[in-house]
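> prediction below, plus the sequence it came from.
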Amino acid sequence: TNLVEHREYAHTPGNPTMYRAPGYPFFVALVYFLFGAKNYLAVRVIQALLGVLLCLITYFIGERIFGERIGKWAAGISVFYPFFIYYCGVLMTELLFTFLLGITILYLIKTYDTSKVKYRILSGIFLGFSALTRPIIALFPVLLFFWMLSIRVSSKKTLGLFIIMILFMLLIISPWTVRNYLICHDFIPLGAEGGQTLYMGNNPLATGGGNMQHLPEFDKLPEAARDRAYYKKGLEFIRQHPAGFFKLSLNKFIRFWRLYPHRIHSIESKHQIISFLSYGILFPFFLLGLLLGWKKNRKALLLYLLLI
């Protein structure tokens, strides 16, 4: 709302923030600008349209890697998959991020079939927008480089194409990085929430979910300094409790792959049943695909990298 009414990325007017990456807030602000502030219905409708396009993207990805039949099956499942439908209706980053990442993957796959520079440029651009929406994907190029090496004979050509992709990714991200530096005189490429996220998963109250010991002494720190303080505190906990860190990591792994959502106050039992009857049914086929898909061709390895 502040972006539309005050042209400022801030929690409150006059107090600019860099805590969250700007991709989704700018997306919502664009919808508000076009259809009216706080028009949640408009956001949901636009997200539903993106959901439709995502089903098409799923088809093209499946078709290019495994063939037309698999592409149609993947798209058909996407149309009725409950979680895709659910995220079309909530104001969260998941739908937009999945849409942008899907386009990125599609253009990366096209680079397998052709060495056209335009596909590297487009994959870099959409990878940049994906990172502005969910910063964790900014580390993905490290894995992409090795995938590119596996599909090209010439390492020099691979390096050149990789550099082109990274340059255009940075071209998309850098204006926000410069903006953050001008505000806080500190290097914050995307957002300043990583430290708190690390500490949330690694603190005396952590169980593998979102429990966190509140540290009031950090509340008055500037966002960049608070981010570093949380990083330091989280890493300190990991060093002092290596066995506890291993146990927490195992709990997170189980929670991530479980067949139904963890029961919390915002998740009703019917949602758990829907999850089990959708994701729970598809999960064995997912595992089977993992075992058989890597033998198909090297393009499929790109999908495996997303799991890492």
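Cool, the structure landed.
> so how far is the strand or helix carrying Leu53 off the chain centroid?
Counting by DSSP states H and E, the element that carries Leu53 is helix 40-66. Distance of helix 40-66 from the chain centroid (C-alpha atoms, centre = their mean, to the nearest Å) equals 16 Å.
> in that helix, what's buried?
Judged by neighbour count using 16 or more other C-beta atoms under 10 Å, the buried positions of helix 40-66 are 43-44, 46-47, 50-51, 54-55, 57-66. From N, CA and C alone the C-beta is placed, and that goes for glycine too.
> and after it, which helix or strand comes next?
helix 68-80.
> between that next one and helix 40-66, how big is the angle?
160 degrees (axes from the mean of the first three to the mean of the last three C-alpha atoms, to 10 degrees).
> what residues of helix 68-80 count as buried?
70-71, 74-75, 77-78.
> stretch 287-301 now?
Quick answer for stretch 287-301 (16+ other C-beta under 10 Å): 289, 293, 299-301.
> can you give me the neighbour number for Pro13?
11 (other C-beta atoms under 10 Å).
> quick one, helices of the stretch 201-308 of the chain?
Listed in chain order, the helices of the stretch 201-308 of the chain (DSSP state H, counting those that start in this stretch) span 223-240, 242-257, 269-293, 301-307.
> and the direction of the third one versus that of helix 68-80, what angle?
It refers to helix 269-293. 170 degrees.
> return the list of helices and strands in contact with helix 269-293.
For helix 269-293, the packing partners by 3 or more C-beta pairs under 8 Å, 6 or more residues apart in numbering; DSSP states H and E come out as helix 82-88.
> what does the very next helix or strand once past the helix it packs on contact?
Sequence-wise, the next helix or strand beyond helix 82-88 is helix 94-113, with elements assigned using DSSP H and E. Applying C-beta atoms under 8 Å, 6 or more residues apart in numbering, the contact partners of helix 94-113 are 23-24, 27, 47, 50-51, 53-54, 57-58, 60-61, 64-65, 84, 87-88, 116, 119-120, 122-123, 126-127, 129-130, 133-134, 137, 144, 148, 151, 161, 298-299, 302-303, 306.
> could you do stretch 42-51 as well?
28, 31-32, 34-36, 84-85, 87-89, 91, 95-96, 99.
> remind me which residues of the protein are low pLDDT?
Confidence mapping of the chain against pLDDT under 70 gives the ranges 151-155, 260-271, 294-297.
> how about a cut-off of 50?
Applying pLDDT under 50 to the chain flags the ranges 265.
> could you pull up phi and psi at the residue most central in space within it?
The chain has Arg134 as the residue nearest its centroid, 4.2 Å off, counting by C-alpha atoms, centre = their mean. Main-chain torsions, Arg134, degrees, to the nearest 10: phi -130, psi 100.
> and Pro13, by the same measure?
Dihedral angles (degrees, to the nearest 10) for Pro13: phi -50, psi 130.
> not counting its neighbours along the chain, what's nearest it?
His6 (4.8 Å; C-beta to C-beta, 6 or more residues apart in numbering).
> what's the burial count for that neighbour?
Around His6 there are 12 residues (other C-beta under 10 Å).
> same question for Phe286.
11.
> roughly how far does it sit from Ile77?
11 Å (C-beta to C-beta, to the nearest Å).
> equivalent analysis for Trp257, please.
19 Å.
> which other helices and strands contact the longest helix belonging to the chain?
Identified as the longest helix of the chain according to DSSP state H is helix 155-184. Helix 155-184 sits against helix 117-133, helix 140-151, with contacts defined as 3+ C-beta pairs under 8 Å, 6+ apart.
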